[in-house]
Structures are given as structure tokens and as C-alpha cells.
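Peer 1: Mind folding the following:
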Amino acid sequence: MGATDKIIRIVAAIIFAVLYISGTVTGTFGVVLLILGGIFLLTSLMGTCPLYMPFGVNTCSIKDKK
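Peer 2: A predicted model of the protein is given here:
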């Protein structure tokens, strides 16, 4: 997972959490966004996305691999 991919996932997770905590998004949709944000945060911290593997997706650039 490339650096840009990680940053986008972390930012999305923060936005989802703020939307849920502020009450902008509630109910089932809010919980789904919160869970999705948790998954985004976890995969960015792990540095890999399990869904990328079966599809052969690689978002690492050459300089990210160093």
C-alpha cells in the first residue's frame, strides 16, 4: 500500500468518525460508516489491504518500497 493510499484512508476514517460523533450521520448508515472508517484505519496501519491481494492491486510506487 502506497503512502498516498494510506493518507487517503486515514483522512476518510477521521471524516467518518467526525460525521458520526457530531451526529451528522446517524442510525445504521452512521454505524456502517464508523465500521468502514475503522477498517480503513486498520488497513492503513497494517500497510496492506486484504482486498488488493486477490485482484493484484499494488498502490506502492518505487520510492515507497525503499
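Peer 1: C-alpha only now, for contacts and for neighbours.
Peer 2: Noted.
Peer 1: quick one: V18 from V31, how far?
Peer 2: Distance of V18 to V31, given as C-alpha to C-alpha, to the nearest Å: 12 Å.
Peer 1: cool, I15 as well?
Peer 2: Here I15 is placed at a distance of 13 Å from V31 (C-alpha to C-alpha).
Peer 1: Next: L41.
Peer 2: Here the distance between L41 and V31 works out to 15 Å (C-alpha to C-alpha).
Peer 1: And these two? Which one has more around it.
Peer 2: Neighbours of L41 and V31, each counted by other C-alpha atoms under 10 Å, are more numerous for L41; the result is 21 against 15.
Peer 1: and that one, what helix or strand is that in?
Peer 2: Secondary structure here is read from DSSP states H and E; on that basis L41 sits in helix 27-46.
Peer 1: what's the average pLDDT for that helix?
Peer 2: Taken as a whole, helix 27-46 has an average pLDDT of 94.
Peer 1: mind listing what's buried in it?
Peer 2: Buried residues in helix 27-46, counting neighbours by 16 or more other C-alpha atoms under 10 Å, are found at 30, 33-34, 36-44.
Peer 1: Tell me how far it lies from the chain's centre.
Peer 2: Helix 27-46 sits 7 Å away from the centroid of its parent chain (C-alpha atoms, centre = their mean, to the nearest Å).
Peer 1: Stretch 6-26 now?
Peer 2: In terms of C-alpha atoms, centre = their mean, the centre of stretch 6-26 is found 10 Å from the chain centre.
Peer 1: Now do the buried residues in that stretch.
Peer 2: Neighbour counts using 16+ other C-alpha under 10 Å place 6, 9-10, 12-14, 16-17, 19-20, 25 of stretch 6-26 among the buried residues.
Peer 1: out of these, who's nearest M53?
Peer 2: Taking C-alpha to C-alpha as the measure, K6 is the one of these closest to M53, at 16.0 Å.
Peer 1: Excluding residues flanking it in the chain, which one is nearest the residue most central in space within the chain?
Peer 2: Nearest to the mean C-alpha position of the chain, by C-alpha atoms, centre = their mean, lies F40 at 2.2 Å. With C-alpha to C-alpha, 6 or more residues apart in numbering as the criterion, F40 has its nearest non-adjacent residue at 5.2 Å, and that residue is R9.
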